[in-house]
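Asks: Below are the sequence and a predicted model for it; my questions follow.
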Protein chains: 2
Amino acid sequence: MALGTDYPQQDCSLARALEVAGERWSMLIIRDAFYGVRRFNDFLVHLDIPRAVLTSRLQSLVAAGVLEKVPYQQSPVRYDYALTEAGRELWLPIYTLARWGERHARAGGQLTRYSHTDCGEQLDHSGCCPRCGRIVPPEEVTMQRIAGTTVKPRQDPVARAIVGPRRLLTPIDTEAAAEKV
Amino acid sequence: MALGTDYPQQDCSLARALEVAGERWSMLIIRDAFYGVRRFNDFLVHLDIPRAVLTSRLQSLVAAGVLEKVPYQQSPVRYDYALTEAGRELWLPIYTLARWGERHARAGGQLTRYSHTDCGEQLDHSGCCPRCGRIVPPEEVTMQRIAGTTVKPRQDPVARAIVGPRRLLTPIDTEAAAEKV
DNA sequence: ACAGTCGGTTCGTTGATTGAACCCTTGGAG
DNA sequence: CTCCAAGGGTTCAATCAACGAACCGACTGT
């Protein structure tokens, strides 16, 4: 969050969670990671976030064990930022918060549809598959962006790469998306 | 969150939700509202938040339709800040985030136990009652603070008022708690 | 008349966010 | 060999929010 990035007096799990994931931009970074974004530059162009802030947030999320750096090339060594198991467990808070925002903080209805990959059923507001009757982990979720009525969609390479039905957590390929324009 | 309280480029429900509930302190205020805190001064002493920030957050949460002011006395007129229906629907995001924090951002295990009032069963990590097999709304949740092993608990009147099993959303009575010391 | 409560506002200080500019390593083109 | 571009950062001044202590204003009970 903002000034004073912690809540020292609060002996409370929520305060601890917010110290990790509650700063400005952190949740959006994690959401993008669920979408399959993994590279510094892809986060940068898709979020319109200042470079210095992105550097700082990625570092603290790695330190907190939400993301981990995995090298994708040598010389110079470059890293993907991928969700850890702990990070993937943030799916429910993030999904339910996004669905809440869709219901109460937007005009213009649903922008992204989330469904259970195995059976095609749309998830309910709690992240449950009505057909299977259980909470669906992000690995089994397919997302699909829906044409927004209000704002025109973003046109950066990352935004183009995540149109169309996609499995969550599959790495995006910005080069392929750039060629397809 | 922090500076620049919005995410203008993000046409995304999560960004909209974070503009409403993602600023620093906002989620903790909402959590306290679930605990039954309703008065300016009670939020103040329980959260250790600067007065000016609390004023500002309460105003924006009211403007966003998460809280509403309901008068509890005349001359001078004084207001309770109570969760609206939209605010109460933030239960799942807040509960799941708190449970995540308990698992991944704390040493020292569970601090608050949440159970289904009707059947006494503890809720699982997704807010579901294992016995009843459904998501439990906050009106049916009973909370109980557990003695922390690491930090000594807070000693303000609000903290004292919420020890012991309590139904969520029932207004706290700080006067009664103050006398009981 | 006087202290006390509740809910705010004001204000100087501290510190995070922003955005633009600069930097470093390496690979590839000419 | 030189030059340039890409990826991933760092630096820096300006801005703006958070902090916390002091002040304020309406009322009440004594």
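Replies: Looks like it arrived, so ask away.
Asks: contacting residues around the closest residue to residue A:84 other than its chain neighbours?
Replies: Using CB to CB, 6 or more residues apart in numbering or on different chains and skipping the chain neighbours, the partner closest in space to residue A:84 is residue A:68 (5.1 Å). Using the backbone N, CA and C atoms, a C-beta is placed for each residue, glycine as well. Residue A:68 makes contacts with A:62, A:81, A:82, A:83, A:84, as judged by CB atoms under 8 Å, 6 or more residues apart in numbering or on different chains.
Asks: Tell me if residue A:68 really is in a helix.
Replies: No - going by DSSP: H, G, I helix; E, B strand; the rest coil, the assignment for residue A:68 is strand, not a helix.
Asks: roughly how far apart are it and residue A:85?
Replies: Counting by CB to CB, to the nearest Å, the gap from residue A:68 to residue A:85 is 10 Å.
Asks: same deal with residue A:53?
Replies: According to CB to CB, residue A:53 and residue A:85 sit 26 Å apart.
Asks: Looking at the two, which one has more neighbours?
Replies: residue A:53 (17 against 10; other CB atoms under 10 Å in any protein chain shown).
Asks: show me what contacts the more buried one?
Replies: For residue A:53, the contacting residues are A:24, A:25, by CB under 8 Å, 6+ apart.
Asks: Where do the strands of chain A begin and end?
Replies: With strands called from DSSP state E, chain A shows them at A:67-73, A:78-83, A:112-116, A:128-129, A:134-135, A:141-145, A:166-167.
Asks: okay, now residue A:105: neighbour count?
Replies: The number of residues packed near residue A:105 is 22, by other CB under 10 Å.
Asks: Could you give the bridge partners of residue A:128?
Replies: Judged by DSSP bridges, the bridge partners of residue A:128 are residue A:135.
Asks: Would you mind measuring from it to residue B:133?
Replies: Separation of residue A:128 from residue B:133 (CB to CB): 11 Å.
Asks: Between the two, which is the more surrounded one?
Replies: Legend: neighbour count by other CB under 10 Å for residue A:128 and residue B:133, higher for residue A:128 (19 against 9).
Asks: pretty sure that one is in contact with residue A:141, am I right?
Replies: No - the pair residue A:128 / residue A:141 is not scored as a contact, 11.6 Å apart, by CB atoms under 8 Å.
Asks: Poorly predicted segments of chain A, please.
Replies: Along chain A, segments meeting pLDDT under 70 span A:1-4, A:8-9, A:148-151, A:178-181.
Asks: tell me the centre residue of it?
Replies: With distances taken as CA atoms, centre = their mean, the residue of chain A nearest its centroid is residue A:31 (1.1 Å).
Asks: Report the contact partners of that one.
Replies: Applying CB under 8 Å, 6+ apart, the residues contacting residue A:31 are A:94, A:98, B:12, B:14.
Asks: Among those, which pair sits farthest apart?
Replies: A:94 and B:12 (11.2 Å; CB to CB).
Asks: how much space between residue A:84 and residue A:65?
Replies: To residue A:65, residue A:84 is 6 Å away according to CB to CB.
Asks: Kindly report the same for residue A:79.
Replies: Distance check for residue A:79 against residue A:65: by CB to CB, it reads 16 Å.
Asks: Repeat that for residue A:160.
Replies: Per CB to CB, residue A:160 is found 31 Å from residue A:65.
Asks: Counting neighbours, go ahead and name the busier of these two.
Replies: More crowded of residue A:160 and residue A:65, by other CB under 10 Å: residue A:160, with 18 against 14.
Asks: How many neighbouring residues does the residue nearest to the more buried one when sequence neighbours are not counted have?
Replies: Nearest non-adjacent residue to residue A:160, counting by CB to CB, 6+ apart: residue A:177, 4.4 Å away. For residue A:177, the tally of surrounding residues (other CB under 10 Å) stands at 17.
Asks: surely residue A:177 meets residue A:155?
Replies: No - the pair residue A:177 and residue A:155 fails to qualify as a contact (CB under 8 Å) at a distance of 10.9 Å.
Asks: out of the contacts of residue A:31, who has the most neighbours?
Replies: These, ranked by neighbours (other CB under 10 Å): first place residue B:14, 26 neighbours.
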